[in-house]
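[1] Kindly return the folded structure for what I paste below:
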Amino acid sequence: MADESEKIDPRAAVIQSANQAGQQAKNKFTYDLNRRLADQDKILTADDMSGLYDPSRRLFTTIDGSPRLLTLDDIAAFKAAVKDVQRRHGLQKDGKGVNGGILPRQVIDLSRAQDRKRAEKEIHFAVPVQNRAGLVHFQTNAGPNNGAVRHHVMVQFLGYDSALAGGDSAKAAATTMMRSKIRFDCDCGRHTFWYRYIATIGNFNYGRAEDGFPRVRNPTMYGVGCKHVLRVMQVITHGPTFLNFATTRMIENGRKTLSNKRQINPVAEQRKFVEAASKVRSRDRKLTTSAERRETRAGTPKAMAAAAARIKAANESLKKTHAAKVNKPVDEAKKIKVLMGLGYSRDAALAAIAAADKAQG
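    Below is the predicted model of the structure:
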């Protein structure tokens, strides 16, 4: 008989206890902060963007595709790009800010295709390790090329409090919470150097704020989520696995305890989560945008047949409308008006109409 451990998905071998994961995440985020502070002289900061940049610092950018010296015109273009990102997330509407956050589905929709492809190919699972009220610490496996074993993604559900107290069933409340806006963070380099600045100015960043413009790694500010974050978003948006976790460990527990005390997910439960998630339909494990999903649905035989039926019904409706207009009798007043326009007197027009009616029977 096979050993019980052999039944566990080998991809879950990187799973560790909540305490270990929490300490490792803390160490990584602390290291990132210290590194960032040490690199201050290399960063194009908010102060620089405000007009204090000294060209003698000779910072570089890759906005044209290859490294070159940064110019003041570049900084003006960067500032315009910042405003564009903020408008996209509603931060500049009527000159007022908003509470922030981004929908999990939007993270996928606004991501780079290459990040989605890497997430599908390289990141096999994302499992909740612990939660504190609406904040969930996820752990993912790492990709094959950077030497890391795992990465840590923090997701704060901004709709947690209202879902908790909203009066719906626990499952319905969890569903509402999962569809609410979030803030997130990841300890990986892709998030750190490409996307944390975008998350900060877009007001959906959970971790430390970043005021250093990604002038080298991502000067066009395209994309929002690394492959680890995208796998987490897939777990949140599809399949029943995380819904069950959110229902029992977040909503039900929150209603029972009315506490923000940390709740750990034991290693055994993490492995069960990974095993259950691996059985989700393959189409739900795919990281596709909303537009790609619509295109896929439109291409199915059922959807194509429905579209053909709608087109046929519309054509029939147009034919009937056209026929009704062609055969619709013209009232006498309009006939008189037309004939008088041709030079007939009113009496002559009436006589002509009477003769025409008699001739038609």
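
[2] Could you check how far K319 is from V330?
    The spacing between K319 and V330, counted by Cβ to Cβ, to the nearest Å, is 21 Å. For glycine as for every other residue, the C-beta is placed from the backbone atoms N, C-alpha and C.

[3] And for V229?
    With distances defined as Cβ to Cβ, the gap from V229 to V330 amounts to 68 Å.

[4] Which one of those two is surrounded by more residues?
    Taking V229 and V330 together and counting by other Cβ atoms under 10 Å, V229 has the greater number of neighbours (32 against 8).

[5] The more buried one against H152, yeah?
    No. Taking Cβ atoms under 8 Å as the contact criterion, V229 and H152 are not neighbours in contact, 10.8 Å apart.

[6] shared neighbours, these two?
    When Cβ atoms under 8 Å, 6 or more residues apart in numbering defines a contact, the residues bordering V229 and H152 alike are C186.

[7] where does the stretch 251-361 of the chain dip in pLDDT?
    In the predicted model of the stretch 251-361 of the chain, residues 322-329, 360-361 satisfy pLDDT under 70.

[8] Which stretches in it count as helices?
    When assigned using DSSP state H, counting those that start in this stretch, the helices of the stretch 251-361 of the chain occupy the ranges 253-257, 267-277, 282-285, 290-298, 301-327, 332-341, 346-359.

[9] Skip the chain neighbours and tell me the closest residue to the residue most central in space within the chain.
    Nearest to the mean C-alpha position of the chain, by Cα atoms, centre = their mean, lies Q106 at 1.2 Å. With Cβ to Cβ, 6 or more residues apart in numbering as the criterion, Q106 has its nearest non-adjacent residue at 7.9 Å, and that residue is V224.

[10] Break this protein down into its structural domains.
    Using automatic domain parsing, the domain ranges for the chain come out as 4-288, 291-325, 329-361.

[11] Buried deepest among the ones you listed, which one?
    Per-stretch averages of neighbours, counted by mean count of other Cβ atoms under 10 Å, single out domain 4-288 among those, with a mean of 17.

[12] Tell me where the protein has strands.
    Across the chain, reading from the start of the chain, the strands by DSSP state E fall at 60-61, 68-69, 126-132, 135-141, 150-157, 182-186, 263-264.

[13] chain center to the longest one: distance?
    In terms of Cα atoms, centre = their mean, to the nearest Å, the centre of strand 150-157 is set 16 Å apart from its chain centre.

[14] what packs against it?
    Helices and strands touching strand 150-157, as assessed by 3 or more Cβ pairs under 8 Å, 6 or more residues apart in numbering; DSSP states H and E, comprise helix 18-38, strand 135-141, strand 182-186, helix 227-237.

[15] In PDB, list the C-alpha atoms belonging to that strand.
    The C-alpha atoms that make up strand 150-157 are tabulated as PDB, following Å, rounded to 0.1, in the frame of the first residue of the first chain:
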ATOM      1  CA  ARG A 150       8.900  30.000  -2.600                       C
ATOM      2  CA  HIS A 151       7.400  33.500  -2.600                       C
ATOM      3  CA  HIS A 152       5.000  35.300  -0.300                       C
ATOM      4  CA  VAL A 153       2.000  37.200  -1.500                       C
ATOM      5  CA  MET A 154      -0.100  39.300   0.900                       C
ATOM      6  CA  VAL A 155      -3.700  40.100  -0.100                       C
ATOM      7  CA  GLN A 156      -5.900  42.500   1.900                       C
ATOM      8  CA  PHE A 157      -9.600  42.100   1.100                       C
END
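
[16] Other residues contacting that strand?
    Applying Cβ under 8 Å, 6+ apart, the set of residues contacting strand 150-157 from outside is 14, 16, 21, 24-25, 28, 126, 134-142, 163, 177-178, 180, 182-188, 206-207, 228-229, 232, 236, 250.
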